[in-house]
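> Using only what follows, build the 3D model:
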Amino acid sequence: MDNLLWYVIMIPCSALFSGLGIYAWNRKHPMGFWAGTTVKDDEISDIPAYNHANGILWGAYSLIYWAAAFAGIWSSTAAILLIAAGVLPGLPLLMAAYRRIYDRYKVC
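Next comes the predicted model:
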C-alpha cells in the first residue's frame, strides 16, 4: 500500500517535469522559466536552440524524480534522499542553469 501511494505521487510529478521539457523543446516562441513571465521573441537570438536547451534542462531535472520514483521499490530512504537532492541543491542549480541558457541566447 505504501508503494502504491508513493507511485501515485511520484510518477505524475516526474511526468510533469518530463512533459515540461517536451513542451519547451517543441515551442515556437521562447520558453520562460518563472511562472507568469514571458520571454519575447526579440530577446532571443536563436529561439529553437534556446528552447531545446530549456527542454534538455527540464528533461534532465526530471531524471532525479524518475530515479526517486523507482528507488522507492527497494528503499524509501534512498528515494527520500534523491528527492532531497533534487529539491535542496537541485532547484538553485536549475535556476543557475537557466540563467546561463538565457545569457547565452539573449540578444546583446
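> Span of stretch 23-42 from start to end?
Distance across stretch 23-42, first residue to last, is 20 Å (Cα to Cα, to the nearest Å).
> Offset the numbering so it begins at 7, please.
OK, 7 is where the count begins now, so the last one is stretch 29-48.
> ok now that stretch, how far from the chain's centre?
Computed by Cα atoms, centre = their mean, to the nearest Å, the chain-centroid distance of stretch 29-48 equals 14 Å.
> Which residues does it contact?
Applying Cβ atoms under 8 Å, 6 or more residues apart in numbering, the contact partners of stretch 29-48 are 49-50, 53, 56-58, 60-65, 101, 104, 108, 113. For every residue, glycine as well, the C-beta is placed using N, CA and C.
> what is the rounded mean pLDDT of that stretch?
Mean pLDDT, computed over stretch 29-48, is 92.
> Equivalent analysis for stretch 81-100, please.
Averaged across stretch 81-100, pLDDT comes to 90.
> Show me which residues of it are buried.
By 16 or more other Cβ atoms under 10 Å, the buried positions in stretch 81-100 come out as Ala85, Leu88, Ile89, Gly92, Gly96, Leu100.
> ok, and the closest non-adjacent residue to the fourth one?
Read it as Gly92. Nearest non-adjacent residue to Gly92, counting by Cβ to Cβ, 6 or more residues apart in numbering: Ile70, 4.1 Å away.
> Let me know whether my guess that the one you found is in a helix holds.
Yes. Counting by DSSP: H, G, I helix; E, B strand; the rest coil, Ile70 is located in a helix.
> Now do it against Ser81, distance only.
Ile70 sits 15 Å away from Ser81, taking Cβ to Cβ, to the nearest Å as the criterion.
> Please apply the same query to Pro95.
Using Cβ to Cβ, we find Pro95 at a distance of 20 Å from Ser81.
> can you give me how far stretch 92-108 is from the chain middle?
Relative to the mean C-alpha coordinate of its chain, stretch 92-108 is positioned 9 Å out (Cα atoms, centre = their mean).
> what about dumping the CA coordinates of it to PDB?
Extracted C-alpha coordinates of stretch 92-108, given in PDB (Å, rounded to 0.1, in the frame of the first residue of the first chain):
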ATOM      1  CA  GLY A  92      16.500  17.300  -6.300                       C
ATOM      2  CA  VAL A  93      15.000  20.000  -4.200                       C
ATOM      3  CA  LEU A  94      17.700  21.400  -2.000                       C
ATOM      4  CA  PRO A  95      20.700  21.700  -4.300                       C
ATOM      5  CA  GLY A  96      18.700  20.900  -7.400                       C
ATOM      6  CA  LEU A  97      16.500  24.000  -7.500                       C
ATOM      7  CA  PRO A  98      19.300  26.500  -7.200                       C
ATOM      8  CA  LEU A  99      21.300  24.600  -9.800                       C
ATOM      9  CA  LEU A 100      18.200  24.600 -12.100                       C
ATOM     10  CA  MET A 101      17.900  28.400 -11.700                       C
ATOM     11  CA  ALA A 102      21.600  28.900 -12.400                       C
ATOM     12  CA  ALA A 103      21.500  26.700 -15.400                       C
ATOM     13  CA  TYR A 104      18.500  28.600 -16.800                       C
ATOM     14  CA  ARG A 105      20.300  31.900 -16.300                       C
ATOM     15  CA  ARG A 106      23.300  30.500 -18.300                       C
ATOM     16  CA  ILE A 107      20.900  29.400 -21.100                       C
ATOM     17  CA  TYR A 108      19.200  32.800 -21.200                       C
END
